[in-house]
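Student: Pasting a predicted model and its sequence here:
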Amino acid sequence: MSTQSSLLLKRQLIELTKNPVEGFSAGLVDDDNIFEWEIVIMGLNDTLYEGGFYRAIMTFPVEYPLMPPKLKFTSDMYHPNVYPSGEVCISILVCEDKYGYEQANERWTPVHTVETILVSVISMLSSPNDESPANIDAAKEWRENYPAYKKKVQRLARRSADEC
C-alpha cells in the first residue's frame, strides 16, 4: 500500500507544482519523505485572515488515499475549527463520525486530493462551523464578541506576514 500511496502523492505534488492553485503552496518537508508536506496558506482577500501566511504540516498515512491525512498549523491560528494545538478539525478529514454530526458525503473519501483538502481548509477559514468547534474559546468569541475575535485574528494575520 505505501508504494501506491507514495506514487499517488508524487503525482499530486507534480500536478500542484505544474499547475499551482491560488491560495496555497505545497512542498515536501524533506525530499526523502513523500508522506510529510509543508503547506503555506495565504489569507484570502476580504476575509479576516487577509494578508496572512499560515504554515502547516500535512502528514499522510501509508494507507492514503483510503485514510485521510492530518493537517496541523505550525503558525499561530485562532479559529473555531482549529484545535489550540493547531490541528485542523473539518469533516473532509474524518472517516467516521462518532457523534452523528456529519453526513457521509461530507466526510473523507479516497477521491479527495491535496488540492480539495486545502480548498476546503481555505473555505473553512472564511466560514467557520461553530456548531462543532475544536476551539471552544474561539467559537464562543466568534459568536458572542465578534469585534474581539476579529481583532485577535487580524493581529495574527499581521504577525504571520511579518514572519514570512
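Tutor: Yep, that arrived.

Student: Phi, psi for the residue positioned nearest the centre of the chain please.
Tutor: Against the mean C-alpha coordinate of the chain, by Cα atoms, centre = their mean, the closest residue is V121 at 4.2 Å. Dihedral angles of V121 (phi, psi; degrees, to the nearest 10) stand at phi -70, psi -40.

Student: so what's it closest to, chain neighbours aside?
Tutor: Distances taken as Cβ to Cβ, 6 or more residues apart in numbering put V88 closest to V121, at 6.1 Å, once the chain neighbours are dropped. No exception for glycine: its C-beta is placed from N, CA and C like everyone else's.

Student: Can you tell me the element L7 falls in?
Tutor: Assigned by DSSP states H and E, L7 falls within helix 2-18.

Student: List of residues touching that helix?
Tutor: 26-28, 34-35, 37, 60-65, 113-115 (Cβ atoms under 8 Å, 6 or more residues apart in numbering).

Student: ok, of those residues, which come out buried?
Tutor: Neighbour-count burial (16 or more other Cβ atoms under 10 Å) is assigned, among these, to 26, 34-35, 37, 60, 64-65, 113-115.

Student: so of these, which ones are in helices?
Tutor: 114-115 (DSSP state H).

Student: in this protein, which spans are helices?
Tutor: 2-18, 114-126, 136-144, 146-163.

Student: and those, which is most packed in?
Tutor: helix 114-126 (a mean of 19; mean count of other Cβ atoms under 10 Å).

Student: which of the contacts of helix 2-18 sit farthest apart?
Tutor: G27 and E63 (22.5 Å; Cβ to Cβ).

Student: ok so, going back, would you mind giving the buried ones among the contacts of helix 2-18 as TSV with distance to Y149 and pLDDT added?
Tutor: Listed next are the buried ones among the contacts of helix 2-18 as TSV, based on distance: Cβ to Cβ, whole Å; pLDDT from 0 to 100:
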residue	distance to Y149	pLDDT
A26	28	95
I34	37	97
F35	35	97
W37	29	98
F60	32	97
Y64	34	94
P65	35	94
T113	31	93
V114	29	94
E115	29	94
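
Student: Good, we can wrap up now.
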